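Visitor: Fold the following for me, if possible:
(one chain, ligands or ions: 1)
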Amino acid sequence: MFENNNVNLELLKRRAHNLRWATVADGVIPLTAADPDFPSAPEISEAICSFAKDRYYCYGPAEGLTDFKESVANYFQVKRNVPVSPAFTFPVDSAAFGIFVTCQTFLSSGDEAIIFDPVDFLFRYSVEAVGATAIPFAIPPNAVKVDFENLEKLITPKTKMICLCNPLNPTGKVFTKEELTQLGTIACKHNLIILSDEIWSDIIFHPAIFTSIASLDEEIRNRTITITGFSKSYGLAGLRIGAVIAHNQEHFLKLMEVSLHYSTVHGANVLSQIAATTALNKCEYWLNDFLKHLTVMKELVVNELNSIPNFRCIAPQGCYVAFTNISDTNKSSQEMQEFLLNRAKVAVVPGLKQWFGDGAEGYIRMSFATSEEILLEALQRIKFALK
Ligand SMILES: Cc1ncc(COP(=O)(O)O)c(C=O)c1O
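Guide: Numbers count the residues shown, from 1 in each chain. You can find the predicted model right below:
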């Protein structure tokens, strides 16, 4: 399933947007947005086609299809040891919207929310979009220990939320139970909401172990909003589907109201909910094979990157992105991105504030959710260009 002959470049060049195949010049390999180059599991298209053939596309329930809510709740109960109620779970048209709606629900203009640095741009974007201020908490890619004393120093009377991204895109850090307990304890002490984005939580490399912060204890769970999605684990980015999980009724009702689902201004597509439900209920085998492939690709990419003079890449514990320190090359992240695009015909994401925060300068990010052949070709081009 994850062989090179399964990568349909002709289709990807028409369909893969967001900095990928459809948006780059011919001949460029885009290791940019983290979106797999492989077709999704066949059961997903079968389920979509089977529903679509009846030709009824009526409004679905504002809170989401029962099957979707039950599948998500079951996944959290069985895989994450979190007692999730389907009644407090609802689909959203992406994890990105899940982050945004959580910020809109719990932050007001003038409030502060702590975001990690570096971290995916969606956190800063959402916090600022609702008029609040994002306060960066540095977790350097090479940090052996997370400095929780420093985290607590950032908290002011205006702080309302901590945005947890676990596993952490772009560094691939997977937070330990002890670290999550410390973070949760700080949130309880200062009465903060924890936004826990767990979209990457299926992509964990042995021996790292993923813990959902909501599994720790009731007090922490009660202040947590858990967000997940299906773009990373199942390759469904274009279906725009994710889930928001509240852990009490008050939070659920607030989130639903702010989501505008009741008014039908927003809502998750029924076909996308069916796709995600099928992924959870029938496609675990596909995810397991994908993870096996990614484990091999991770070893390959990390070894190859570290064999390039002045490149340093720490193996990610989770996520299928390699975050490489290029500061010894005397090029900035932006200069390296331009150099690799022009000279190697490989597109990467530069460590700019706009993508990951100030803490990403001196780094570039590459997705490795592609075939071994494509990845090797990209790495050889990079090596050759830098020689
Ligand atoms: C940490 C994180 N959250 C959310 C998303 C967005 O997911 P979705 O496609 O469901 O909006 C991404 C995508 O890269 C991500 O890395």
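Visitor: Name the residues of the longest helix along the chain that are buried.
Guide: Secondary structure of the chain per DSSP state H: the longest helix is helix 284-306. For helix 284-306, a neighbour-count test (16 or more other CB atoms under 10 Å) marks 286-287, 290-291, 293-294, 297-298, 300-302, 304-305 as buried. Yep, even glycine has a C-beta here, placed from its N, CA and C like the rest.
Visitor: Give the other helices and strands that it contacts.
Guide: helix 231-234, strand 312-313, strand 321-325, helix 372-386 (3 or more CB pairs under 8 Å, 6 or more residues apart in numbering; DSSP states H and E).
Visitor: Which of those sits closest to residue 115?
Guide: strand 321-325 (16.9 Å; CB to CB).
Visitor: which element follows the closest one toward the C-terminus?
Guide: Sequence order places helix 333-339 as the next helix or strand after strand 321-325, per DSSP states H and E.
Visitor: In that following helix, which residues are buried?
Guide: The neighbour-count check on helix 333-339 (16+ other CB under 10 Å) flags 333, 336, 337, 339 as buried.
Visitor: right, and residue 240 touches residue 275 too?
Guide: No. Residue 240 is beyond contact range of residue 275, at 10.4 Å (criterion: CB atoms under 8 Å).
Visitor: More neighbours: the two, which one.
Guide: residue 275 (25 against 18; other CB atoms under 10 Å).
Visitor: contacting residues around that one?
Guide: Going by CB atoms under 8 Å, 6 or more residues apart in numbering, residue 275 touches 44, 47, 48, 230, 236, 239, 241.
Visitor: Would you agree it falls within a helix?
Guide: Yes. Counting by DSSP: H, G, I helix; E, B strand; the rest coil, residue 275 is part of a helix.
Visitor: Quick one: distance of stretch 40-47 to the chain centre.
Guide: What separates the centre of stretch 40-47 from the centre of its chain is 22 Å, taken as CA atoms, centre = their mean, to the nearest Å.
Visitor: in it, what counts as buried?
Guide: For stretch 40-47, a neighbour-count test (16+ other CB under 10 Å) marks 40, 41, 43, 44, 47 as buried.
Visitor: same thing with stretch 180-192?
Guide: Neighbour count says stretch 180-192 has 180, 181, 182, 183, 184, 185, 186, 187, 192 buried, by 16+ other CB under 10 Å.
Visitor: Stretch 345-365 too?
Guide: 345-353, 355-357, 359-365.
Visitor: what about it, average pLDDT?
Guide: Taken as a whole, stretch 345-365 has an average pLDDT of 98.
Visitor: just stretch 26-35 next, same as before
Guide: Computed over stretch 26-35, the mean pLDDT rounds to 97.
Visitor: now do the same end-to-end measure for it.
Guide: Taking CA to CA, to the nearest Å, stretch 26-35 runs 19 Å from one end to the other.
Visitor: Give the buried residues for that stretch.
Guide: 28, 29, 30, 31, 32, 33, 34, 35.
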